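Enquirer: Got a sequence here, can you build the structure:
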Amino acid sequence: MELKIGTRVDIVFENEMNKRNAHYLKALVYDYENDNIIISQTSPALNRYFLNRQIRVTFLVKVEKKYVRFGFKAQIIDFITEYEISSSKCVEALVLKPYETPAKMDFRMHFRIKPPSKSNINLFFQGRNVNLIDISLSGAKFAYPKSALLSKGDMIDATLIIDDKEFDIRTKIRNVDVPYEYAANKNFQYVSVEFEYDNIQLEATLGRAIIGIERKMLSEGKIN
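Expert: Numbers count the residues shown, from 1 in each chain. Reported below is the predicted structural model:
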């Protein structure tokens, strides 16, 4: 799968893959220079201290009406202070050396966090406000009545309400766990869903809410 000029990419340091304190960076592909890739300064921004760091570059591609994440390993090999993107504008840019061709990736870009019972994130699944077990930018897990017949692979419309903002979102069921017969909450099943969306405002709003919850829990000593 080719990484095209103008594509938005997510970057994570290779040694932080799947760690809760990983740095997740966003950038835009500017151009190719021989076999190297020139991208915009990341958000949050990097400096020369990060030269030669090994990274994983990932991006979304629409395949048969759904978005699939592709990625590849690369290295930051140069930092350009004045990259000319037009005749009258120069910006900072990074040069990446890819080590492999992009391939489909199956990993979670964002760590999950368990929201407190009263948080500013609410997920409505089939019209029901569910009890979130955890949530990330890529998906969520929640308790749901066992009487509802749900199967892995089902596509279900849902709604995320964050503070006073409401977002319609498509979800794909990744797993359904049924508790043991003698469990205290045997009337519920545990549903894991993957979010499928291409909404920058939703991503930014949910990201801020998750970070806010994490900071509050850190300050209260509930997570390390």
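
Enquirer: So Q126 is in contact with D154, correct?
Expert: No - applying Cβ atoms under 8 Å as the test, Q126 and D154 come out as separate, 10.6 Å apart. Yep, even glycine has a C-beta here, placed from its N, CA and C like the rest.

Enquirer: Tell me which stretches of the protein form helices.
Expert: Residue ranges of the helices in the chain, as given by DSSP state H, are 200-219.

Enquirer: Packing partners of the longest strand anywhere in it?
Expert: Longest strand in the chain, counting residues (DSSP state E): strand 66-86. Secondary-structure packing of strand 66-86 (3 or more Cβ pairs under 8 Å, 6 or more residues apart in numbering; DSSP states H and E): strand 36-40, strand 54-63, strand 89-98, strand 103-104.

Enquirer: one more time with 7 Å
Expert: strand 54-63, strand 89-98, strand 103-104 (3 or more Cβ pairs under 7 Å, 6 or more residues apart in numbering; DSSP states H and E).

Enquirer: Out of the ones you listed, the one nearest D134 is which?
Expert: strand 54-63 (21.2 Å; Cβ to Cβ).

Enquirer: partners of that closest one, with directions?
Expert: Each strand paired with strand 54-63, and its direction, by DSSP bridges: strand 8-13 (antiparallel), strand 66-86 (antiparallel).

Enquirer: Compute the inter-axis angle for it and strand 89-98.
Expert: 100 degrees (axes from the mean of the first three to the mean of the last three Cα atoms, to 10 degrees).

Enquirer: so for strand 54-63, what's the average pLDDT?
Expert: Strand 54-63 shows a mean pLDDT of 87 in the predicted model.

Enquirer: where does this protein have its least confident helix or strand?
Expert: Lowest by mean pLDDT, DSSP states H and E among the helices and strands of the chain is helix 200-219, with a mean of 80.

Enquirer: in that one, what counts as buried?
Expert: 202-203, 205-206, 209-210, 213-214, 217 (16 or more other Cβ atoms under 10 Å).

Enquirer: Present these as JSON lines; the columns should include distance to K62.
Expert: Compiled in JSON lines, the buried residues of helix 200-219 are given as follows (distance: Cβ to Cβ, whole Å):
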{"residue": "L202", "distance to K62": "17"}
{"residue": "E203", "distance to K62": "16"}
{"residue": "T205", "distance to K62": "22"}
{"residue": "L206", "distance to K62": "21"}
{"residue": "A209", "distance to K62": "26"}
{"residue": "I210", "distance to K62": "25"}
{"residue": "I213", "distance to K62": "31"}
{"residue": "E214", "distance to K62": "31"}
{"residue": "M217", "distance to K62": "35"}
